[in-house]
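Student: just coords:
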């Protein structure tokens, strides 16, 4: 058992090492696009190293950080032996969520519900929604996905936060309450008793719902995919990095301006801001012309 515990801690240290500044170079920015998976949420604190970056109160995570907590129903802590017993070693068993280009309704960064026809999908979704009622109206289910291999991925959206990212404490609290009910239902045979669970924020590249969330994220650059018509019969798909300038819900149109990011600047400008001409440029689109909008993080 002790060797399993050591292996688990080594995995946590490897995954967290990228957050530590290097002594031979300038400090790395405290921003990461992929979540740090806490493989076992219920490790006894006394057996965890005190300097893990994600447990340090001195670490300030980016608000866009795709915070994530993972746990397994088959793991338990033994008070008698003072060891953490891992029946299924998560180092090798955990199924990573696809982190490719998000698409609308993909059950991940694109939001939506994806159950993939698993027999227990509707049941665990119903439980997830019931548990969410304990956290008030400002926490919503952004995305939910189940997989045939027995994994549940939950993304929570905090409406009162400017970026929609719940705190690690809230994610931990929801994960604990949800897992408790899953274990209860699993012991009754209502659902499998060995489901893997990951609870996270929507993510840095979350899809923005059109038109509902456009006003909410108007102060942040978005990567907008849209169609333009050169003629009545010809449509061309384009993509740009914009800021929302105005929105008219009655006419179902919105106006966009270029975001002041590197991608929109003249390469020959050598770091200077955008020209007045580019700052004054506007693009008017109907809601129906917007194919996808997602938050944009400059590399």
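Tutor: Great, that's in hand. These numbers were taken from a predicted model, which means no experiment stands behind them.
Student: return the set of buried residues in the one helix or strand residue 130 maps to.
Tutor: Residue 130 is part of helix 121-132, with elements assigned from DSSP states H and E. By neighbour count on 16 or more other CB atoms under 10 Å, the buried set for helix 121-132 is 121, 124-125, 127-128, 131-132. For glycine as for every other residue, the C-beta is placed from the backbone atoms N, C-alpha and C.
Student: of those, which is the nearest to residue 110?
Tutor: Using CB to CB, residue 125 is the member of the buried residues of helix 121-132 that lies nearest residue 110, at 17.0 Å.
Student: how big is the angle separating the longest helix anywhere in the chain from helix 121-132?
Tutor: As far as residue count goes, and with DSSP state H defining each element, the longest helix of the chain is helix 168-187. With axes from the mean of the first three to the mean of the last three CA atoms, to 10 degrees defining the directions, helix 168-187 sits at 130 degrees from helix 121-132.
Student: which strands and helices sit next to helix 168-187?
Tutor: Packing partners of helix 168-187 (3 or more CB pairs under 8 Å, 6 or more residues apart in numbering; DSSP states H and E): strand 68-72, helix 121-132, strand 151-158, strand 196-200.
Student: in JSON lines: these, plus mean pLDDT.
Tutor: Below are the helices and strands packed on helix 168-187 laid out as JSON lines (pLDDT from 0 to 100):
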{"stretch": "strand 68-72", "mean pLDDT": "56"}
{"stretch": "helix 121-132", "mean pLDDT": "98"}
{"stretch": "strand 151-158", "mean pLDDT": "96"}
{"stretch": "strand 196-200", "mean pLDDT": "95"}
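Student: looking at these, which is closest to residue 165?
Tutor: Nearest to residue 165 among the helices and strands packed on helix 168-187 is strand 151-158 (6.4 Å), distances taken as CB to CB.
Student: ok, longest strand in the protein?
Tutor: strand 235-248 (DSSP state E).
Student: can you map out the helices along this protein?
Tutor: Applying DSSP H to the chain gives helices spanning 2-16, 90-93, 121-132, 168-187, 276-280.
Student: of the ones you listed, which shows the lowest average pLDDT?
Tutor: Lowest mean pLDDT of the helices of the chain: helix 90-93, a mean of 42.
Student: tell me the domain ranges of this protein?
Tutor: Residue ranges for the domains of the chain, per automatic domain parsing: 2-200, 222-295.
Student: show me where pLDDT drops low in this protein?
Tutor: Applying pLDDT under 70 to the chain picks out residues 1-99, 230-233.
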